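Participant: have a look; sequence and predicted model below, questions after that.
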Amino acid sequence: MEAKIFQAEEVNWTEPPAHYSAFSKLLINESHGSKYFDFRVSSYQPKGYCDPHTHEIAENIYYVLKGKGVVELDGKRHLVGPGTVIFIPPGVEHAMVNTGFEDLIFIVVASPPQDMPR
């Protein structure tokens with residue numbers, strides 16, 4: 001395996017399945033040689049959201065950089081904004097929605113990468 005360096009702008013935005021006006025830059029995952037991490041930046045436009053879902057084995061960590069929204073964890077809604085850290089263990093149903101007036105931008109780190117939507 002070799003080290004990699006690149007600019008995030010080199011990577012196209014994608015809209016994963018069951019995500020609506022909710023885009024991700026898939027920066028590092030198994031296609032880049034990582035066995036343990038999925039690292040992405042997500043940007044949800046105002047009213048953008050993802051459907052409630054669970055991961056069988058992946059742990060997820062979100063870190064909100066910009067914007068406001070709501071994360072739903074096992075049916076309980078929580079307001080999020082810059083500086084919010086969210087840990088989602090496997091099996092916890094979760095969803096995210098941008099309820100604000102600007103893009104909701106957050107970092108997603110997940111492990112293992114094979115349990116993440118593309």
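Facilitator: Thanks, I have it. Numbering: from 1, shown residues only.
Participant: so what's the residue nearest the centre of the chain bridging to?
Facilitator: Centroid-nearest residue in the chain: residue 108, 4.1 Å away (criterion: C-alpha atoms, centre = their mean). The partner list for residue 108 in beta bridges (DSSP bridges) reads residue 40, residue 62.
Participant: isn't it right up against residue 41?
Facilitator: Yes - Residue 108 is in contact with residue 41 according to C-beta atoms under 8 Å; the separation is 7.5 Å. (Each C-beta comes from the backbone N, C-alpha and C, glycine too.)
Participant: for residue 100, which non-adjacent residue is closest in space?
Facilitator: Nearest residue to residue 100, sequence neighbours excluded (C-beta to C-beta, 6 or more residues apart in numbering): residue 68, at 3.4 Å.
Participant: residue contacts, residue 51?
Facilitator: Shown in contact with residue 51 (C-beta atoms under 8 Å, 6 or more residues apart in numbering): 18-19, 95.
Participant: show me where this protein dips below the pLDDT cut-off.
Facilitator: 118 (pLDDT under 70).
Participant: redo that, cut-off 80
Facilitator: Within the chain, the ranges that satisfy pLDDT under 80 run 1, 115, 117-118.
Participant: quick one, strands of this structure?
Facilitator: All strands of the chain, identified by DSSP state E, fall at 19-28, 38-50, 59-66, 69-73, 76-80, 85-88, 94-98, 104-111.
Participant: ok so, going back, the residue nearest to residue 100 reaches residue 78, doesn't it?
Facilitator: No - counting by C-beta under 8 Å, residue 68 stays clear of residue 78, with 11.7 Å between them.
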